Structure formats: structure tokens, C-alpha cells
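[1] The amino acid sequence is not available; the structure is as follows:
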Ligand code: PCA
């Protein structure tokens, strides 16, 4: 006897119980370079859970963390090509596309969470426009805690930077290290342990959070909380993937994104406090720069800023101007 296998879905379709939308429930793939120990990844995974819940399963997003699916530099191109639907990157790694993307890794522009958020608001329209030109939609951006310097020896004299091999997360931070007389290497978060254990770097610039997530105490003993700048991660999706969703699903996705942005900035503040405490608990001495070091950082920062100005176009400068005017009021 020939058996006919009737799946519940076929049955349901036959009886008109399944709407077209649920038959075509979307499954998205998302990539982030940051590991599960990062609050950014935790926030993004929560966002994916919210999306599944708020869309009643019409859209599910699988988050591949730690650069496991796509390397950092390939995330944006992959979303653009449609190989994956969504991505998260350290915004300033996009600086080759446009200098506006590194506006949040400049010293003296935004040195607090309030200012960093205002800077994001002021630059969001240009950034959204640039993304749109590539068929991408930014969903949300969240700041890392302020960047500081991890060293093996206590940082008391700017001369210590001479020849110091410093791990940096982006080109602008590398320029900054160069300005200080150091020798920078761009290293992904996930490669930090190897960079130290193989002796490729002596020091690193990053946040309290990344120092904590990457157990910095295994490699260094001092954290100079220099409040250099508060850089952001940006999460974005493919316009094409978005257009395939029905309107209710699109609305729910956008609402989940709004929540993720709000939650992310709060998480960043909390994670900064918790991470500074964790660094100390694990034997790292946390301090602020002394006058000499502060002066050297200031000088290297001023140079970095001038360098950015020489590369920035009118639009980027106008955005900075708009931000500064708003801050003055
Ligand atoms: N952590 C990321 C980016 C900035 C930060 O605080 C990193 O160091 O790679």
C-alpha cells in the first residue's frame, strides 16, 4: 500500500488555516565581531529575542557572535550583497567609506554618555543617508564606555609610549598611538588574548568593558582611565530583506530596535561600573592620567582632530558644527 505522508503544515494549508505570511516566516542571519561576554552582544541577542516575540515568530534573527560567521571587515559588504541580512560593527571601522564614521573616536568632541548620545543624534541623518546609498538601514547604535589604556607598567611618563606596541581597535586609534610615539597594531577583540600571549603587543586601548570581557588581568596590571572618547557600535540591516517583510513585522522590528538602543545605552553605563570594579577585583590598578600623561594625550588628540578635519567633507563638518551648537545651548 502506498503511504501518503501528510504533514501538519500541508493539512493546515489545505484547510486554509495558515496565512501566507506565516508560511513565509522570515529567518534572518546576523553577524557581530564581538563575543558573548560583551554587553553589546548580550543586548543584540536580547533584541533578536524581542523581535521573535514581538512579531509572533514572523521574523527570527540568528545572531552569530565573535566573528564566527563573517569577519569584522566583511560584515557590511556581506549585508550589502545580501549574503546575510543584518550586521553589527564598530562604527569607526567604516572610516574608509567616509570620515563621518570616525567622528566618535575623536578626543574632545563627546566625553560623556550625554554628549555621545547627542553626537549620535546629530550625525544620524547623514549616517542614515550614507547607509541608504548602499541599500542598508541603520537600526540602532550604542556607545562603548570611554576608552582608556591598559599597560603592564604603571603609566606615569609619556616617554613610556616610545616604541610601545599598542593594540588598537580601529585606524583612528592607531593614528593616536603613532602621535604618542608608540607602535600600533589593529587587532580584533577576539584576537586580544593571542596578541598578548604571543608577545605581539605590550598594551591596548579599549574600554573597561572589553578589558573585563577579555580578562585583561591575564596580561596587564594597569588601566589608565583616560576618557579618550566613547565610540559606538552600529546595527544595520539590508533594505531588501526589510522590504520582504509585511508592514506589521516591519513596525515590530523597528520598535524592538528602538528598545534595543535605549536598553543598550543603559547597559553600557552599568557595564562600565561593573567592569571597573571587576578589573580592580582581579588585581588591575585603575587610575586617571597624571598631568604629564594627560598633556601628552591632549597633544596627540589635538593632532588627531586636525588630521580628521583635513579629511572631513563639508557635510561631516556641518554635522559636527550642528552638534556643537546644540551643546552650547
Ligand atoms: N571595545 C571594542 C571597541 C571599543 C571597545 O571598547 C574593542 O576594543 O575592540
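    Sure, I can see it. Please read these numbers as outputs of a predicted model, since none were measured by experiment.
[2] can you tell me how far the residue lying closest to residue 217 once chain neighbours are set aside sits from residue 24?
    By the measure of C-beta to C-beta, 6 or more residues apart in numbering, the closest residue to residue 217 outside its immediate chain neighbours is residue 282, 4.0 Å from it. C-beta here means a position set from N, CA and C on the backbone, and glycine is covered the same way. Distance of residue 282 to residue 24, given as C-beta to C-beta, to the nearest Å: 49 Å.
[3] For burial, what's the neighbour tally of whatever residue of the stretch 1-150 of the chain ends up closest to the ligand?
    In the stretch 1-150 of the chain, the residue that lies nearest the ligand is residue 144 (3.6 Å; C-beta to the nearest ligand atom). Neighbour count of residue 144, defined by other C-beta atoms under 10 Å: 26.
[4] and what of residue 90?
    Residue 90 has 24 neighbouring residues, counting by other C-beta under 10 Å.
[5] beta partners for it?
    As for beta bridges, residue 90 partners with residue 233 under DSSP bridges.
[6] quick one: contacts for the nearest residue to the residue of the stretch 1-150 of the chain closest to the ligand once chain neighbours are set aside?
    Closest residue in space to residue 144, ignoring its immediate chain neighbours: residue 207 at 4.6 Å, by C-beta to C-beta, 6+ apart. For residue 207, the set of contacting residues under the criterion of C-beta atoms under 8 Å, 6 or more residues apart in numbering consists of 144-148, 272, 275.
[7] Among these, name the ones in strands.
    147-148 (DSSP state E).
[8] Taking the contacts of residue 207, tell me the two that lie furthest apart.
    Set against one another by C-beta to C-beta, the contacts of residue 207 have their most distant pair in 147 and 275, with a gap of 12.7 Å.
[9] the strands in the chain, which residues?
    Ranges of strands within the chain are 26-31, 59-64, 86-90, 136-143, 147-151, 165-168, 183-186, 203-207, 222-224, 232-238, 285-287, based on DSSP E.
[10] and the third one, does that touch the ligand?
    Yes - in terms of C-beta under 6 Å from any ligand atom, part of strand 86-90 sits within range of the ligand, namely residue 90.
[11] Show me the contact partners of that strand.
    Contacts of strand 86-90 from elsewhere in the structure, counted by C-beta under 8 Å, 6+ apart, are 28-34, 40, 44, 61, 70, 72, 75-76, 78-79, 139, 169-170, 231-238, 241.
[12] Do a quick rundown of the helices in the stretch 101-250 of the chain.
    Across the stretch 101-250 of the chain, reading from the start of the chain, the helices by DSSP state H, counting those that start in this stretch fall at 113-132, 171-179, 192-197, 208-213, 239-243, 247-281.
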